[in-house]
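[1] my questions concern the predicted model and sequence given below.
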Amino acid sequence: GLAFRHGETRAMVLEGVSIVRATVGFSAGGGLLIDGASPTIQNCVLAWDSAPGVVVGIGGGALCANGSPRFDGCTIASNSAEDGGDGVYCAAGSHVEFVNTVIWGNCGDDVLVADNATAILSCCVYGTLFGSGAVTLDRSVQTDPRFCDAVICDIGPAEPSRFRVHGESPCLPANNECGALIGALGIGCPPESSPDIG
């Protein structure tokens, strides 16, 4: 994946990138390693990334430590980590902000917030939150985003378009309280049909 370790600020924007099947070589941050930096990650997909735990495996999709990164309009799904934070691991000293982001369907913890770390989820769709750090939820919902062709911890074809959503998805502006597109990808399949019970 990519690493931000040199004091990057929010002015450093990573936009419109899909990081898929990235594996960290020794310990943490399969898709993204953010340590001592505060970049903006915007409209990106982190999927099928892993931290297998050769030393300690944390932050399959992303590891955030000692900084204040912002994830805006991202999709973080189907990532894995041997020791926690399969989607995102917010380590001690981090203050991570998620806005209009889907964090769902990872292989364990979607977000793990460690002691002395904080996470703010504004207008997000998420699955599981773990840890003893501070979490603030603002108009965020714990629900299935209704991806078109992807399931929890799916190891199928690494094609980010699988994370487009059904017409009934809570990620679409008409279907959520924020009136915003949540996630990096929009609609990609029609509303799910109801069975004919006539």
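    Alright, I've got the coordinates. Residues are numbered from 1 along each chain as shown.
[2] and the residue nearest the centre of the chain, backbone torsions?
    The chain has Ile76 as the residue nearest its centroid, 2.8 Å off, counting by Cα atoms, centre = their mean. The phi and psi torsions at Ile76 (degrees, to the nearest 10) take the values phi -120, psi 110.
[3] hang on, it packs against Thr101?
    Yes - in this structure, Ile76 is within contact of Thr101 by Cβ atoms under 8 Å, at 6.9 Å. Where C-beta positions appear, they are placed from N, C-alpha and C, glycine not excepted.
[4] any regions of the protein where pLDDT drops low?
    For the chain, residues meeting the criterion pLDDT under 70 lie at 25-26, 54-55, 192-198.
[5] now with 90, please.
    1, 23-30, 52-57, 82-84, 149-161, 189-198 (pLDDT under 90).
[6] quick one: the helices in it?
    Using DSSP state H, the chain contains no helices.
[7] next up, the contacts around the residue nearest to the centre of the chain.
    Residues in contact with Ile76 (Cβ atoms under 8 Å, 6 or more residues apart in numbering) are 45-47, 61-62, 87-88, 101-104, 106, 110.
[8] restricted to strands, list those.
    45-47, 62, 88, 102-103 (DSSP state E).
[9] reformat those residues as JSON lines; add neighbour count and distance to Ala3.
    Formatted as JSON lines, these follow (neighbours: other Cβ atoms under 10 Å; distance: Cβ to Cβ, whole Å):
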{"residue": "Val45", "neighbour count": "24", "distance to Ala3": "18"}
{"residue": "Leu46", "neighbour count": "31", "distance to Ala3": "14"}
{"residue": "Ala47", "neighbour count": "28", "distance to Ala3": "18"}
{"residue": "Ala62", "neighbour count": "34", "distance to Ala3": "11"}
{"residue": "Val88", "neighbour count": "35", "distance to Ala3": "15"}
{"residue": "Val102", "neighbour count": "29", "distance to Ala3": "23"}
{"residue": "Ile103", "neighbour count": "32", "distance to Ala3": "20"}
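[10] contacts for stretch 40-47, please.
    If you take Cβ under 8 Å, 6+ apart as the criterion, stretch 40-47 is touched by 1, 10-20, 31-32, 61-62, 69-79, 87, 158, 160, 163, 184-185.
[11] please check these and keep the buried ones.
    Buried subset of the contacts of stretch 40-47 (neighbour count, 16 or more other Cβ atoms under 10 Å): 1, 14, 17-20, 31-32, 61-62, 69-79, 87, 160, 163, 184-185.
[12] for Ile120, list each beta-bridge partner.
    Counting by DSSP bridges, Ile120 is bridged to Glu97, Thr136.
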